[in-house]
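**Q** give me a model of this one.
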Amino acid sequence: MSNGLVPEEYGHHGIGPQRTKRPGNRFQPYGAGQVHREKSLRVSNPGLETPQLPRQSGPKSKTPSEPYDMDEGYDSDPVEAYDVAWNQKAAATAKASDYDKWDTASAEFIRSYSGLGDCWVGKRPLGVGGFGMAGLWEKRDGNGTVIEQMVIKQTGVRKGIWRPEMPMEVKMMRKMEETECSSVVRYIAYRRFFHDQVHRIYMEYCPHGDLKRLYKRYRKFRLYMPEPFLWDVFHHLVEAAVAMRYGPTDGGWGGHEIVHRDIKPGNIFLDMEDRKGGIPFYPKTKLGDWGLARQTHASDPDNPSILNKAGTPGYRAPEQKDPPLPIFETHPSSILAHTNIWAIGATMFELMTLHRVHGFLLKPRGNIIDKKGIQPIQTDRKPSYSSQLSKLIQDCLKPIPLDRPNVMELRSKIRTHRDAIFKLVREREGAETAKPTEDERLYYIGNEIKWAKTGDWQPHERDKDSNKSGDGFADPDLSPIHYPVFKEPGE
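**A** Got it, this is the predicted structure:
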């Protein structure tokens with residue numbers, strides 16, 4: 001039986017029942033009496049209906065005492081169960097006008113068959129990376145009205161090799177679905193186009209872009225971000241870290257945990273505002289892009305020898321360096337929850353200072369970082385950020401893993417400050433539609449930052465890209481931003 005999204009000829013394959021929601025979940029949002037998890041996808045227009053595609057799920061992982069294989073298949077069903085019908089091809093011919101807007105690969109991708117039915121059409125590319133490309137798809141009714149939205153991420157042949165097995169990213173996203181953590185991008189489904197040698201992951205659309213774009217826009221306008229927003233981002237990233245560390249509340253993962261290995265602003269997305277359970281005038285932060293994530297444990301023989309070989313320079317913790325830094329040559333440290341904490345700290349450092357983490361936290365090898373860690377974090381912002389925020393970020397960046405706060409300790413400290421902000425906002429009249437004060441305002445909707453006044457942030461000589469916007473594939477429905485132009489540092 002078709003579910004309305006997936007054609008009937010393959011709509012039943014590998015799709016499990018809806019997960020029941022349990023009260024008392026540790027990921028319960030603020031202000032909620034019980035666990036609230038959307039059964040469907042958020043979209044940018046609150047008036048739109050949302051897809052009701054059941055989540056696919058698989059068996060629990062093995063305990064650390066059993067043989068462990070990171071590439072072991074996650075589902076009891078063979079990967080063939082997720083194939084689209086053989087005569088359905090992903091490839092398609094783009095329109096001539098598409099080539100004027102996008103490169104050839106992106107244009108052909110966005111005009112291709114979705115794998116969800118003919119009522120779904122590509123809207124625009126969202127990004128291209130080393131692991132593939134992503135685009136926005138829309139479901140339209142008979143009148144052409146958009147009623148649903150979804151992101152499709154496609155990966156295919158890499159380095160001339162087609163790997164037909166289910167991507168690790170799918171397995172990790174399903175694992176995170178077990179945690180019911182609302183601070184991660186929601187996984188919806190997976191399809192394999194064997195004929196075209198591509199995999200597709202279907203996930204929720206976060207309409208306000210990612211933190212990398214926001215960060216770069218704020219740099220362009222020389223604006224510091226409001227402190228309440230930074231606390232809110234910190235909160236959601238640590239909620240995701242707690243989920244990666246402890247797994248689902250009904251028993252965890254038998255001693256295993258997940259390390260993301262690529263936490264950075266470009267992989268952190270901005271969803272719709274959480275007007276009932278969050279700060280109503282900020283987008284909800286969600287961690288995504290699980291392509292480098294792995295499940296591991298403290299006794300994993302491949303940890304750190306194999307797990308330390310991936311990640312983005314600048315966001316990799318000291319224990320991930322290969323070859324190891326002098327402080328780890330004698331006693332190597334495993335890549336575990338403390339590694340996620342370091343990457344969260346690096347992300348928060350960038351958002352707070354607007355300086356690129358690669359240029360300010362990293363020095364030439366041999367003097368990259370010592371046991372004393374980084375210096376106290378300071379900015380030129382007036383008024384300055386609180387010492388509590390600066391100190392917590394600094395603690396996350398301590399070079400010795402055991403010196404960093406653990407996820408529960410960090411969560412507790414962040415909640416103290418976010419709760420205070422949350423309480424003040426909720427005391428305002430019409431709390432769910434409360435407007436931010438001038439000091440609280442964040443320019444994140446569409447291209448509204450073009451109306452902002454320039455601020456007092458000053459780039460350092462190492463900030464050579466301070467005039468780059470990072471807009472990537474622009475939304476054609478929005479009028480462009482005319483950025484202020486400043487001299488580059490050192491000019």
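**Q** would you list every one of the helices in the stretch 51-200 of the chain?
**A** 98-101, 104-110, 168-179 (DSSP state H, counting those that start in this stretch).
**Q** same list (those) but as TSV, adding distance to residue 413.
**A** C-beta here means a position set from N, CA and C on the backbone, and glycine is covered the same way. As requested, the helices of the stretch 51-200 of the chain are arranged in TSV below (distance: least, CB to CB, whole Å):
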stretch	distance to residue 413
helix 98-101	46
helix 104-110	43
helix 168-179	21
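**Q** right, and those - which one's nearest residue 125?
**A** Closest approach to residue 125 among the helices of the stretch 51-200 of the chain is made by helix 104-110 (4.2 Å; CB to CB).
**Q** before we move on, the earlier item: would you mind finding the most buried of the helices of the stretch 51-200 of the chain?
**A** helix 168-179 (a mean of 23; mean count of other CB atoms under 10 Å).
**Q** average pLDDT across it?
**A** Throughout helix 168-179, pLDDT has a mean value of 95.
**Q** where does the protein have low pLDDT?
**A** 1-77, 86-94, 304-305, 323-332, 359, 361-373, 429, 461-462, 464-472, 488-491 (pLDDT under 70).
**Q** domain ranges for it?
**A** The chain breaks down into these domains under automatic domain parsing: 1-205, 211-433.
**Q** got the end-to-end distance for the last one?
**A** Here the two ends of domain 211-433 are set 23 Å apart, with distance taken as CA to CA, to the nearest Å.
**Q** likewise stretch 276-288?
**A** 23 Å.
**Q** next, count neighbours for residue 156.
**A** Neighbour count of residue 156, defined by other CB atoms under 10 Å: 18.
**Q** which ones are touching it?
**A** Contact partners of residue 156, counting by CB atoms under 8 Å, 6 or more residues apart in numbering, are 132, 162, 196-199.
**Q** of all the helices of the stretch 51-200 of the chain, which one is nearest residue 209?
**A** Nearest to residue 209, of the helices of the stretch 51-200 of the chain and by CB to CB, is helix 104-110 at 16.9 Å.
**Q** from the contact counts, what lies against that closest one?
**A** Judged by 3 or more CB pairs under 8 Å, 6 or more residues apart in numbering; DSSP states H and E, helix 104-110 is in contact with helix 98-101, strand 120-129, strand 132-140.
**Q** hey, which of these is tucked in deepest?
**A** strand 132-140 (a mean of 21).
**Q** how near is residue 398 to residue 233?
**A** Using CB to CB, to the nearest Å, one obtains 20 Å as the distance from residue 398 to residue 233.
**Q** and those two? Which one has more around it.
**A** residue 233 (25 against 22).
**Q** wait, is that one part of a strand?
**A** No - checked against DSSP: H, G, I helix; E, B strand; the rest coil, residue 233 lies outside a strand; its state is helix.
**Q** if I pick it, what's in contact with it?
**A** Listed by CB under 8 Å, 6+ apart, the contact set of residue 233 reads 211, 268, 285, 348, 351.
**Q** try it again at 6 Å.
**A** Shown in contact with residue 233 (CB atoms under 6 Å, 6 or more residues apart in numbering): residue 285.
**Q** just the strands in the chain please.
**A** 120-129, 132-140, 146-155, 187-193, 198-203, 257-259, 268-273, 283-287, 294-296 (DSSP state E).
**Q** now distance to residue 436 too, for the ones you listed, in a markdown table please.
**A** Listed next are the strands of the chain as a markdown table, based on distance: least, CB to CB, whole Å:
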| stretch | distance to residue 436 |
| --- | --- |
| strand 120-129 | 27 |
| strand 132-140 | 27 |
| strand 146-155 | 26 |
| strand 187-193 | 31 |
| strand 198-203 | 29 |
| strand 257-259 | 34 |
| strand 268-273 | 11 |
| strand 283-287 | 12 |
| strand 294-296 | 39 |
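**Q** right, so of the ones you listed, which gets closest to residue 457?
**A** strand 268-273 (20.5 Å).
**Q** what's the spacing between that closest one and its chain's center?
**A** From the chain centre to the centre of strand 268-273 is a distance of 9 Å (CA atoms, centre = their mean, to the nearest Å).
**Q** for stretch 110-127, same thing?
**A** Taking mean C-alpha positions (CA atoms, centre = their mean), stretch 110-127 and its chain are 21 Å apart.
**Q** what about it, start to end distance?
**A** 11 Å.
**Q** just to revisit the earlier point, which of the domains of the chain is buried the deepest?
**A** domain 211-433 (a mean of 19).
**Q** between the helices of the stretch 51-200 of the chain, which gets nearest to residue 452?
**A** helix 98-101 (26.9 Å).
**Q** can you show me the CA trace of the closest one as PDB?
**A** The C-alpha coordinates for helix 98-101 follow below in PDB (Å, rounded to 0.1, in the frame of the first residue of the first chain):
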ATOM      1  CA  ASP A  98      19.200  25.900 -15.700                       C
ATOM      2  CA  TYR A  99      22.800  26.000 -17.100                       C
ATOM      3  CA  ASP A 100      22.800  29.800 -16.800                       C
ATOM      4  CA  LYS A 101      22.100  29.500 -13.000                       C
END
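**Q** fine, thanks again, bye for now.
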